[in-house]
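A.B. asks: Structure for the following, please:
(chains A, B and C)
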Amino acid sequence: MESKFTSADAVAALSTDITGEDSQDSSAQRFGAFVEHYQHAVFGFLGRMGFSQADSEDIAQEVFLKAWRYRRSYNPQKAQPSTWLFTIARNAAISKFSSKRAVEVPLDTVDIAAETQHQPERQLQNEQTRLALAKALRQLPLDDRCAIALFYIDDLSSADAASILQCKTATFKTRLSRARNKLKLILDDRDEMND
Amino acid sequence: MTDKYTDSLDVMLADGLVKSPDDFTKKVMHRISEHADIESSRRLTTRSLIGDYLKNSLWPAAALATSAALGGFQVIAFIFGIWIPATAG
Amino acid sequence: MKNNQSMEQNSPRKPLFAALMSTALPGLGQLYNGEFNKAIWLFLLFAIVSVPLVVIIALVLPAVLTLPLVILATLLSIGIWVFAIVDGWRVANRLRDFKISAWQTSGVYTLVFLVCATVILPSTMLWVRKNQVEPLYVPSGSMEPSVLKGDFLFAQKSYNCPNCWGPEVRRGDVAIFVYPDNRNHYYIKRVMALPGDKVTLQGTTLTINGERLNTDAEPETESLGGKSWQVQWSDDVPDETFEITVEPGHAFVLGDNRSKSNDSRVFGLVPLSDIVAKARQVWFSKSDDGIRWSRVGRMLN
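C.D. replies: You can find the predicted model right below:
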């Protein structure tokens, strides 16, 4: 169903050159493909940042809206479309954190209730694991979460991720490995507690 | 960057802890079209062109620089006004 | 689903704009950044607390503190201005994502600027100079040696006024008044006699209500009402007698440099209502030979 969406397609989706008569429509179409292509990665990013499903949907919408609104400011020579997009995503995540501090929705109540209503036993266990992971992620400091969240995005290289986090590539890699170790420790702790 | 799924942790993290809803693209495009409506309802007329020229050329900067100079002068006159002597013979 | 708040115009704040606006008027840049309360407070601090309030406080405190306090007021107002500029820049820098409010238009900024910078600020300063403290330059030597030609003074304007809390006119005050022969000019002389006083000047000896002001031993030192000062006479003072009784509502004034002073002996009595200020402190002094640093800060009354 999906035709291959290339980096050039992404750049074209973000450009604001007015070239055709129904350019409004065609630029909207191109952007629709852009959203289609990147939404999985954006949601993945937000999930790894520890956001709930509801928050992720809100933030993801904001991210793509911002991408549309600010597409004029995207300079293909300065960055890849994915790097640019995930800079927006990271900033959106951070502002959500600072605005949400008092109102952190506990993961259990919302997610379990909404999503596990009619699910078989196995899926319920997966849900538990997911929840444990999200909780563990939330215990990491912001920068560590960002590093982990960016690592698993296909289109981003380590150098891209480092530039999003505004640090050196080596620093990013160090931070990433430390964060993963911390995460493992937290998860192991929980496992022991649950036993 | 993701060619090293070394353990179960990686699999879990890469799998995605949250999912994108099926109608996500539609929702986003809908909001964008509302936004675009606001923007495209401005027709291109001479007045709008003059307006664009005034807003996007050097005029705002010039007006700002002038008022900064004028205002700065007033501010300085206020700050140092207590030091400007009248004459008493 | 979230409501459409984010559909409003996004208008990232430009730091240079904010900084220039606060340069034009402290607080205007803050208005541009949407910080309504901060804008108002900054402007109030700048316009009222920095100079007017400090000056009013200075008048209550001993005269010796007038100069340091006016310096403090000046530095304070400069500091507030600089803060407004820097803060405007910094806050605008953070506000890349900014929803502009309906009232943030060029018209509002211009109106606020015009009202504040061209009306409020100048009238406040004029009020301070007219009612509190006015700086003066003395071009004549008629009050030497107390006040030298080239002295710059602070004069207290809350003096001799019915509803303000300043001092009343006392004999011996170095006062500033409207020159009777030309009401565009201020003069500075010493108040020697008040309504009802009988003044007799014989040669170099001044007597008020029967009391001699100087002594034979020190003819050039006069004292009256607990105060004393030096006067100067040239060598060839004619031994003439000058007598006057001060009529109600007037004062008799003399310059300390008696032989070189155009004062009440020449232009007559000065209406009390024309006495506008009392000299308080020298804040600067410059002669043809250079700056007289020793006079800076000297008190006069």
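
A.B. asks: Count residues in the vicinity of the residue lying closest to C:L61 once chain neighbours are set aside, would you?
C.D. replies: Taking CB to CB, 6 or more residues apart in numbering or on different chains, and ignoring the residues beside it in sequence, C:L61 has C:L69 as its nearest neighbour in space, at 7.2 Å. Quick note: C-beta positions are derived from backbone N, CA and C, even for glycine. C:L69 has 18 neighbours, counted by other CB atoms under 10 Å in any protein chain shown.

A.B. asks: What strand or helix carries C:L69?
C.D. replies: helix C:66-94 (DSSP states H and E).

A.B. asks: next one: A:D55
C.D. replies: helix A:53-69.

A.B. asks: which secondary structure elements does that helix contact?
C.D. replies: helix A:23-48, helix A:81-100, helix B:24-40 (3 or more CB pairs under 8 Å, 6 or more residues apart in numbering or on different chains; DSSP states H and E).

A.B. asks: got CSV for those helices, with mean neighbour count and mean pLDDT too?
C.D. replies: What follows is those, written out as CSV (neighbours: other CB atoms under 10 Å in any protein chain shown; pLDDT from 0 to 100):
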stretch, mean neighbour count, mean pLDDT
helix A:23-48, 20, 86
helix A:81-100, 19, 87
helix B:24-40, 15, 78
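
A.B. asks: Make a markdown table out of those and add distance to chain C.
C.D. replies: Formatted as a markdown table, the helices and strands packed on helix A:53-69 follow (distance: least, CB to the nearest CB, whole Å):
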| stretch | distance to chain C |
| --- | --- |
| helix A:23-48 | 15 |
| helix A:81-100 | 7 |
| helix B:24-40 | 6 |
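
A.B. asks: What part of chain A, helix or strand, is modelled with the least confidence?
C.D. replies: helix A:113-115 (a mean of 51; mean pLDDT, DSSP states H and E).

A.B. asks: Number of residues surrounding C:W89?
C.D. replies: 20.

A.B. asks: close enough to count as contact, it and C:P15?
C.D. replies: Yes: the pair C:W89 and C:P15 passes the contact test of CB atoms under 8 Å, sitting 4.4 Å apart.

A.B. asks: and the stretch 51-200 of chain C, which residues reach chain A?
C.D. replies: C:D97 (CB under 8 Å from any CB of the partner chain).

A.B. asks: Show me what from the stretch 51-200 of chain C comes close to chain B.
C.D. replies: So far as CB under 8 Å from any CB goes, the stretch 51-200 of chain C lies against chain B at C:51, C:55, C:70, C:73-74, C:77-78, C:81, C:110, C:113, C:117-118, C:121-122, C:124-125, C:128-129, C:133-140, C:142, C:152-153, C:155, C:176, C:179, C:185-188.

A.B. asks: 7 Å instead?
C.D. replies: Neighbours of chain B within the stretch 51-200 of chain C, by CB under 7 Å from any CB of the partner chain: C:51, C:55, C:70, C:74, C:77-78, C:81, C:113, C:117-118, C:121, C:125, C:128-129, C:133-140, C:152, C:176, C:185-188.

A.B. asks: Out of these, list just those in helices.
C.D. replies: C:V55, C:V70, C:T74, C:S77, C:I78, C:W81, C:F113, C:L121, C:M125, C:V128, C:R129 (DSSP state H).

A.B. asks: which strand is the longest one in chain C?
C.D. replies: In chain C, assigned by DSSP state E, the strand with the most residues is strand C:275-287.

A.B. asks: buried ones in it?
C.D. replies: C:I275, C:V276, C:A277, C:K278, C:A279, C:R280, C:Q281, C:V282, C:W283, C:F284, C:S285 (16 or more other CB atoms under 10 Å in any protein chain shown).

A.B. asks: okay, now whatever residue of chain C ends up closest to chain B: neighbour count?
C.D. replies: Proximity of chain C to chain B (CB to the nearest CB) peaks at C:A24, 2.7 Å away. Number of residues near C:A24 (other CB under 10 Å) recorded here: 25.

A.B. asks: And the helices in chain B?
C.D. replies: Under DSSP H, chain B gives helices at B:8-15, B:24-40, B:46-56, B:59-80.

A.B. asks: Averaged pLDDT, the last one. What do you get?
C.D. replies: Looking back up the chat, that one is helix B:59-80. Helix B:59-80 comes out with an average pLDDT of 88.

A.B. asks: just the first one next, same as before
C.D. replies: What helix B:8-15 shows for mean pLDDT is 77.

A.B. asks: and that helix, does that touch chain A?
C.D. replies: Yes: judged by CB under 7 Å from any CB, helix B:8-15 and chain A are in contact via B:L9, B:M12, B:L13, B:A14.

A.B. asks: How about the contacts made by the residue in chain B positioned nearest to chain A?
C.D. replies: Closest to chain A within chain B is B:L17: 3.3 Å, counting by CB to the nearest CB. Contacts for B:L17 (CB atoms under 7 Å, 6 or more residues apart in numbering or on different chains) come out as A:G47, A:R48, A:R130, A:L133, A:A134.

A.B. asks: same deal with A:D155?
C.D. replies: Here A:D155 is in contact with A:A41, A:S82 (CB under 7 Å, 6+ apart).

A.B. asks: May I have the predicted confidence score for it?
C.D. replies: pLDDT at A:D155 comes out at 83.

A.B. asks: ditto for the one 10 residues further on
C.D. replies: Among the per-residue scores, A:L165 holds a pLDDT of 89.

A.B. asks: what about it, neighbour count?
C.D. replies: The burial count for A:L165: 18, using other CB under 10 Å.
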